[in-house]
Every structure is written in C-alpha cells, then in structure tokens.
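Chemist: quick one: sequence and predicted model below, then my questions.
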Amino acid sequence: MMLKQSKDSTKNSLRPVTVLAGTVLGMGVIMSPVPEGFSPEAWKVLGVALWMAFWWLTEALPVSVTALLPLIVFPVLGLSDFKTSAAPYAHPLIFLFMGGFMIAKAIEAWNLHNRIALLIVRAFGTRPDYLIAGFMLATATLSMWVSNTATTVMMLPIAISIISVLTDKMDQQTADKTATALLLGVAYSASIGGVGTLVGSPPNALLAAFAQERFGVEVGFAKWMAIGLPVVLIMLPLAWLLLTRVTCPVSRRPIPGADEVIRDELKALGPMTIEENLALAALRGQRHSLRLGLNSQRRDYYRDLLKTLGLGLEDRLTAKVELLSGGQRQSLALIMAIITEPAVLLLDEHCAALDPKTAGIVMDSTVKAIEAAGLTTLMVTHNMQHAIEYGNRLIMLEAGQLRLEMSGAEKTSLDVESLVERFHITDDKILLS
C-alpha cells in the first residue's frame, strides 16, 4: 500500500536534519575502510542500504523518493550504470505488485473492504467463537489482496467496537478472553491470508524473484496460489481452533448487542450513490480492464443521460439511492437498463408499484429516455390506459395465447372501454386501474 508522509510539524522541522544525518551515515560507511571478508562493492552497497533504512525509519523523505536513491548513487559510486540500476525497478513482479496496489486503492476508495468485512462477520452470527471465525475469514480474505498492515488497521476499529459491547454484556474474565482471542485472530489471520497470493505480502514476491534469479524457477500467480491457498485453508481453521478452544477458550452463547453494532457499522457506510450504480451498470457486459470506474468524462455522460428524465437527478450524482423517491428510483433503474444501449429493452410492470401520479411521471421519463436512445422497447403492463397511450403496437395475451394485435390508426382510436370489449372482458374492472 502507498504510505502517506507524516504531516507532523515537529517531523517537518527536523526533516533537513534527518536527511543530512542519513547522508552522513551512508557516506560514512562507504568512505570507511573495507572490513575483511567484504568486497569494496558489497561494502558500498551496505552503506547505501543503511542510508535508505535511516531515511525510511525517520521518514526524512517520502518512501517513494528514498526507494529511488540507488538510481542516483549506484552510478556515482561505480557500482553499476544507470540502465543496470534501473532494470530491477521494471521487474515483472514490481508491476504485479503495482497492479495489486491499484486494486487495493480502488477497494479502499469505495469502502468495499469495509462492506465485505462486515457482511462476512454478520453472516457468521454473534456467538463469540463464530464471531471470531467471521473476523478471521474476513481479514484473511482481504489480506490476500491488500497488505497485512492495511487490512489489520481496517479491521481493528470494527473489532474494538465489538469489544466495547463485550465489556458491557459479559463478566470481566470472559470478556477479556474473548477480546484477546478476537484481536489475536485479526493479527494472525492477516498474516495467514497474506500467504495466499503473490501480492498478499511483499516477501512473497521477493521469494518468487529469488527463486527465478537463483534457481531459474518461475513462480507465477496461479502457481503460487496452488500452494499458498491450501496453506491458508489449513492454517486459518487451526489458528481459530487454537485461539477459541485452547489458548483463550471463549463462550459459545450469542453476545447480546453485537448484531446491532455490526448493523450500525453497515448502516454508517450507507447505500450506493447514483453515480456508483450507474458506473456498475455501465460495466455490464464490458471486458474487464484496469481503468477508472468514474472520471469527469463519465460523470458528464451520466448527467446527460439523467437530464433526459427531467427529474433533476443530474445534479445529485453523489446522493444515496435510499434518499430517492420511488419514482426517482424507477427512473434511475431505467437509465441503468439503457446505459449499455441494448438491442431490445424489456419493461416488465415497471410502474405497477407506484401511485398514479408517480406512475405518470415515470412513464413520461421512460418515453423521453427511450426516444433519446432510439431503443426498440417491449412494455408489459396491466394498465389499459398505458397500453393505449404508449407505443405504436398493442398485443394482448391470455393464457399465453395471442388474443389481440393492433397498431396505427386502429390503436390510436381506442379507449379503455372499447379495448376491454374487444378483449371480451366485461367485469374484470381491475384492468381499468
């Protein structure tokens, strides 16, 4: 994961000092006599390594800047030319990690990691041993794709919220054991899950690179998972059993109030926004690739689509869908259906659950959207008036059999009574609603 540079004022004021101190340390080692058993080149590399380690530990410079130090220093010290020094930065595993980091940042940007974790935990119930199992599974699953540290930091606040409930609902000894098992479970499962994939933890990629360079053995993503995933599947249940049955035996009765905590956490995340729903709908049927799900160009496109509805939704892209009225939700669903420009659009009773006024608004929005997109549309409805007013062809079915087909002037001259009469229905007044 990308590390954020500290903004602490004290660190910022000391930055020139730590930058200079790291430089002095590194150059001091490089310029000092070479000990016996070291080659001059190895001694210089050690000096650069200490230089970089000091800058990393003190956050003298952003970690990404420090990582580029060999590009400058190695050619100057005569260890290698610039091209040779730069080659390791373009190693295939580096790009593999970069892809993993992109996925992780995308997951975090949309709070997907929190949703996944909370849904898994909720599915396991509120029995302490099951709850710990849920936390461990969620943590291990995320840790396979996000760094161990980032996963643990993300899961920790949720675990602490559960622990606060434990102290109120259990005796002190039982609560302490459960809290200990829960926190250790999060830590252990993050490390276990990190073994599952090649991008789960930096040492995995380092081992793969070492195996390729030293022994000529290429370890790809699938080959790693063929070994790493079974290890996770074996170690995770064993760690859970050890924690909840041996090291910190926990109660097997449900924890009162834990379900509410998890539900509140999920509620705090809120439902998806209008633009998130549209972004997902736009990806339907598309080839998967690394690209931004939302950018200014896509938002402008979504605004143009929503503007055809005439409901003002184009100015509310970041609004939560749960805050929309029934008519607005149906209209949004319509845009989601046509956003990929299907060959045929099927509308199946899409106004049936709405009151007459809202149904009229949605139907008007439907006509505008369909005409703007130029779509062929089949609308199924029990509303006779809608059947007469909309579309250029009317087909009536009964028990799967065609009873009536009309179009053109014949259709436009109809009213509800004459349509019912032609269908040979005299007392089914529900069709008039």
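Modeler: Yes, it's here.
Chemist: C-alpha only now, for contacts and for neighbours.
Modeler: Will do.
Chemist: just for this structure, where's the confidence low?
Modeler: The chain contains residues with pLDDT under 70 at 1-13, 93, 97, 100, 103-104, 107-110, 113, 169, 285-293, 423-433.
Chemist: all strands of it, in order?
Modeler: For the chain, applying DSSP state E gives strands covering 344-348, 376-380, 393-398, 401-407.
Chemist: so which of those comes closest to I163?
Modeler: strand 344-348 (47.7 Å; C-alpha to C-alpha).
Chemist: ok and the closest one relative to strand 376-380, angle-wise?
Modeler: Relative orientation of strand 344-348 versus strand 376-380 (axes from the mean of the first three to the mean of the last three C-alpha atoms, to 10 degrees): 20 degrees.
Chemist: just the residues contacting strand 344-348, thanks.
Modeler: Where contact means C-alpha atoms under 8 Å, 6 or more residues apart in numbering, the residues beyond strand 344-348 that reach it are A337, I338, L375, T376, T377, L378, M379, V380, T381.
Chemist: what separates that strand from the chain centre, distance-wise?
Modeler: The gap between the average C-alpha position of strand 344-348 and the chain average comes to 30 Å, counting by C-alpha atoms, centre = their mean, to the nearest Å.
Chemist: quick one on the thing from earlier: now the strands of the chain as CSV including mean neighbour count?
Modeler: CSV is the format used below for these (neighbours: other C-alpha atoms under 10 Å):
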stretch, mean neighbour count
strand 344-348, 13
strand 376-380, 14
strand 393-398, 14
strand 401-407, 12
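Chemist: will you turn the ones you listed into a markdown table that also has distance to D129?
Modeler: Shown next, in a markdown table, are the strands of the chain (distance: least, C-alpha to C-alpha, whole Å):
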| stretch | distance to D129 |
| --- | --- |
| strand 344-348 | 46 |
| strand 376-380 | 50 |
| strand 393-398 | 56 |
| strand 401-407 | 58 |
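Chemist: residues near V65, how many?
Modeler: For V65, the number of neighbouring residues by other C-alpha atoms under 10 Å comes to 12.
Chemist: right, I mislabeled it, should have said P40
Modeler: Residues near P40, counting by other C-alpha under 10 Å: 14.
Chemist: before we move on, what about P249?
Modeler: What P249 shows, counting by other C-alpha under 10 Å, is a neighbour count of 17.
Chemist: cool, R122 as well?
Modeler: Other residues near R122 number 20, with proximity taken as other C-alpha under 10 Å.
Chemist: ok, now which ones touch it?
Modeler: Taking C-alpha under 8 Å, 6+ apart as the definition, contacts of R122 comprise G134, D259, I262.
Chemist: now the two most distant members of the contacts of strand 344-348.
Modeler: With distances taken as C-alpha to C-alpha, the most widely separated pair in the contacts of strand 344-348 is I338 and T381, at 19.0 Å.
Chemist: mind jotting down where the helices sit in the stretch 151-300 of the chain?
Modeler: Remark: helices of the stretch 151-300 of the chain, listed N- to C-terminal, are 172-193, 202-215, 221-241, 258-269, 274-282, 296-307; assignment by DSSP state H, counting those that start in this stretch.
Chemist: show me what counts as buried in the longest one.
Modeler: In other words, helix 172-193. Using 16 or more other C-alpha atoms under 10 Å as the burial criterion, the residues of helix 172-193 that qualify are 174-193.
Chemist: using CSV, list the CA coordinates for it.
Modeler: Included here for helix 172-193 are C-alpha records, laid out as CSV according to Å, rounded to 0.1, in the frame of the first residue of the first chain:
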residue,chain,number,x,y,z
GLN,A,172,-14.8,-9.4,33.1
GLN,A,173,-12.9,-12.7,32.7
THR,A,174,-15.0,-14.0,29.8
ALA,A,175,-14.9,-10.6,28.1
ASP,A,176,-11.1,-10.4,28.4
LYS,A,177,-10.6,-13.9,26.9
THR,A,178,-12.9,-13.1,24.0
ALA,A,179,-11.3,-9.7,23.4
THR,A,180,-7.8,-11.3,23.4
ALA,A,181,-8.9,-14.1,21.0
LEU,A,182,-10.6,-11.6,18.7
LEU,A,183,-7.6,-9.2,18.5
LEU,A,184,-5.1,-12.1,18.1
GLY,A,185,-7.4,-13.6,15.5
VAL,A,186,-7.3,-10.5,13.4
ALA,A,187,-3.5,-10.3,13.6
TYR,A,188,-2.9,-14.0,12.9
SER,A,189,-5.4,-14.2,10.0
ALA,A,190,-3.9,-11.1,8.3
SER,A,191,-0.5,-12.9,8.3
ILE,A,192,-2.1,-16.2,7.2
GLY,A,193,-4.1,-14.6,4.4
